[in-house]
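J.: make a model of this:
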Amino acid sequence: MIPRIVIAGTHSGCGKTSIASGIMAALTARGYRVQPFKVGPDFIDPTHHTAISGRPSRNLDAYMMGEDGVLSTFHAACRDADIAVIEGVMGMYDGLDGTDTGSTAHIAKILDAPLLLVADVKGMSRSAHALTSGYAGFDTAVRFAGVIFNRIGSPRHRLLIAEERSVPVFGWVPVQTKGIVESRHLGLRMAHETASIAHFGSVIEEHCDLDGILAAARDAPPLPALKPEGRGEPSGKVRIGVASDEAFCFYYRDNLDLLARKGADLVFFSPIRDRLPNVDGVYLGGGYPELYAAALSRAPCRSDLARAIGEGMPVYAECGGLAYLTTGILTETVEYPMVGVLPARAVMQKRFAALGYVNAVCTGGTPLLPAGLCFRGHEFHYSRLECDDDARFAFCLQRGEGICAGQDGMYEHNVLAGYTHAYFTPEFASSLNAAARASFRV
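T.: Numbering: from 1, shown residues only. Predicted coordinates:
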């Protein structure tokens, strides 16, 4: 049985990332092996969790993974951990299309985990109790443990709220003026780009009942055991190059692990700084190629990759990786040449072009994935593609925008690239590995 606690929020921006990260940091400082998680499809908050805890943070998303998938990822990641801390998404009850599906509350119920609510009480006193009582009683199936009041303005502010407690209180966190992580167009800055928010650990130690939080986490009941997964791997490893640097940094850890379990040796490299390594296929994730477009256009990896693709090497790319494979990325003032193997160019915009979950089926045409393969994922991007008339698409989206009118997965040669950040199924990972295995480079 793994002690576990879910950190929910009244709404986006209430401070749950800082509070959750602070709890992770405080527990890590006490010597606990903390396994972090993030509810939903977010790529950015997990980088902060990982930097703090020293363990890869995992996404828990009931829409993309299914309830059994949530439990499977949770069990696997928590091996040898002392405690799990799960940061929620948006407001506590905000799920898919106004339902419970995929909400923080939904994940808490799947994991039968105690939940702490972070309530931003700036500008309120007694009203804070109406707010927290409503959250506590809205869904009685949630194991509601209590609240952390955030952005307390003064000792008097705290006293005014403390006059009438309606739910257990685990913390009174004052307004913080230092170490706040800045945001930009896709969310917070990544952990490698900004000062660590680990200093919130000392804030939690000073202003929260960390022993009480530990006791609540330990109060979680045992979870049902899952059927062990098969461990058989295909004979003969295949080498998959994974672009990993400040331009390409959006990956679901489960996807990488699944590729490895299905027989891949993952070779991480930087398209900005490295030559293309000796690999059999490439996975280009999302990220911020538009911020590093000048460096990417100058880097030797651009021509290395174009040459390898011309020789038949398979490449799978998502979002930022898609933009990198086009003829160029057009920013506000400059168009930077990219790899140039897809008949399109990426044009940056001032607001997002698509945001939400994706439900896709592969219609065929590409050697990387079989026709009929279904998968789910997420899209969030500020670019749009200007496609040539002869552009071909392999994904039909039953939900989502994609590249063009519900079509995604542009393909050319052995390249397949789309805006969808896919959550890999076993068949998806096996198919990518098989495509790479069929094109061994010696």
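
J.: what pLDDT does the model give His11?
T.: You'll see His11 listed with a pLDDT of 97.

J.: near it, how many other residues are there?
T.: By other CB atoms under 10 Å, 13 other residues sit near His11. C-betas here are computed from N, CA, C, even on glycine.

J.: looking at the protein, which helix or strand does the model trust least?
T.: The weakest-scoring helix or strand in the chain, judged by mean pLDDT, DSSP states H and E, is strand 183-184 (a mean of 44).

J.: can you give me the helices for the stretch 101-250 of the chain?
T.: Under the criterion DSSP state H, counting those that start in this stretch, the stretch 101-250 of the chain contains helices at 104-110, 127-138, 155-162, 200-207, 210-218.

J.: now distance to Asp68, mean pLDDT and mean neighbour count too, for those, in a markdown table please.
T.: Converted to a markdown table, the helices of the stretch 101-250 of the chain look like this (distance: least, CB to CB, whole Å; pLDDT from 0 to 100; neighbours: other CB atoms under 10 Å):
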| stretch | distance to Asp68 | mean pLDDT | mean neighbour count |
| --- | --- | --- | --- |
| helix 104-110 | 9 | 98 | 24 |
| helix 127-138 | 26 | 96 | 16 |
| helix 155-162 | 41 | 96 | 15 |
| helix 200-207 | 33 | 93 | 19 |
| helix 210-218 | 23 | 98 | 18 |
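
J.: among those, which is nearest Pro426?
T.: helix 104-110 (20.7 Å; CB to CB).

J.: mind jotting down where the strands sit in the stretch 201-350 of the chain?
T.: 238-243, 248-250, 264-269, 281-284, 286-287, 315-318, 328-330, 335-337, 344-348 (DSSP state E, counting those that start in this stretch).

J.: stretch 91-98: end-to-end distance?
T.: 11 Å (CA to CA, to the nearest Å).

J.: typo on my end, it should be stretch 135-147
T.: Note: stretch 135-147 ends 10 Å apart using CA to CA.

J.: now it, how far from the chain's geometric center?
T.: 26 Å (CA atoms, centre = their mean, to the nearest Å).

J.: with stretch 391-400 instead?
T.: 22 Å.

J.: list the contacts of that stretch.
T.: 342-344, 354, 356-366, 369, 377, 379, 402-404, 406-412, 416, 418, 420 (CB atoms under 8 Å, 6 or more residues apart in numbering).

J.: check the model's average confidence along it for me.
T.: Here the average pLDDT along stretch 391-400 is 97.

J.: list the buried residues for that stretch?
T.: For stretch 391-400, the neighbour count (16 or more other CB atoms under 10 Å) marks Ala391, Phe393, Ala394, Phe395, Leu397, Arg399, Gly400 as buried.

J.: tell me the two of the residues you listed that are most distant?
T.: Ala391 and Arg399 (21.4 Å).

J.: can you redo the strands of the stretch 201-350 of the chain as a markdown table with distance to Ile309 and mean pLDDT?
T.: Formatted as a markdown table, the strands of the stretch 201-350 of the chain follow (distance: least, CB to CB, whole Å; pLDDT from 0 to 100):
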| stretch | distance to Ile309 | mean pLDDT |
| --- | --- | --- |
| strand 238-243 | 12 | 98 |
| strand 248-250 | 16 | 95 |
| strand 264-269 | 16 | 98 |
| strand 281-284 | 9 | 98 |
| strand 286-287 | 19 | 96 |
| strand 315-318 | 6 | 98 |
| strand 328-330 | 16 | 96 |
| strand 335-337 | 15 | 97 |
| strand 344-348 | 15 | 95 |
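
J.: output those strands in CSV; the columns should cover mean neighbour count and distance to His48.
T.: Shown next, in CSV, are these (neighbours: other CB atoms under 10 Å; distance: least, CB to CB, whole Å):
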stretch, mean neighbour count, distance to His48
strand 238-243, 24, 21
strand 248-250, 23, 13
strand 264-269, 17, 20
strand 281-284, 27, 23
strand 286-287, 27, 16
strand 315-318, 27, 22
strand 328-330, 21, 27
strand 335-337, 16, 29
strand 344-348, 22, 25
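
J.: let me have these in JSON lines, extended by distance to Leu373.
T.: As requested, the strands of the stretch 201-350 of the chain are exported to JSON lines (distance: least, CB to CB, whole Å):
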{"stretch": "strand 238-243", "distance to Leu373": "18"}
{"stretch": "strand 248-250", "distance to Leu373": "22"}
{"stretch": "strand 264-269", "distance to Leu373": "18"}
{"stretch": "strand 281-284", "distance to Leu373": "17"}
{"stretch": "strand 286-287", "distance to Leu373": "20"}
{"stretch": "strand 315-318", "distance to Leu373": "13"}
{"stretch": "strand 328-330", "distance to Leu373": "29"}
{"stretch": "strand 335-337", "distance to Leu373": "33"}
{"stretch": "strand 344-348", "distance to Leu373": "23"}
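
J.: of all these, which lies closest to Thr47?
T.: Judging the strands of the stretch 201-350 of the chain by CB to CB, what sits closest to Thr47 is strand 248-250, at 7.4 Å.

J.: same for the closest one, what does it pack against?
T.: Judged by 3 or more CB pairs under 8 Å, 6 or more residues apart in numbering; DSSP states H and E, the packing partners of strand 248-250 are strand 286-287, helix 320-325.

J.: one more time with 10 Å, if that's ok
T.: strand 286-287, strand 315-318, helix 320-325 (3 or more CB pairs under 10 Å, 6 or more residues apart in numbering; DSSP states H and E).

J.: the residue most distant from the middle of the protein, which is it?
T.: Each residue of the chain has a distance to the centre, and by CA atoms, centre = their mean the biggest one is for Glu163: 39.7 Å.
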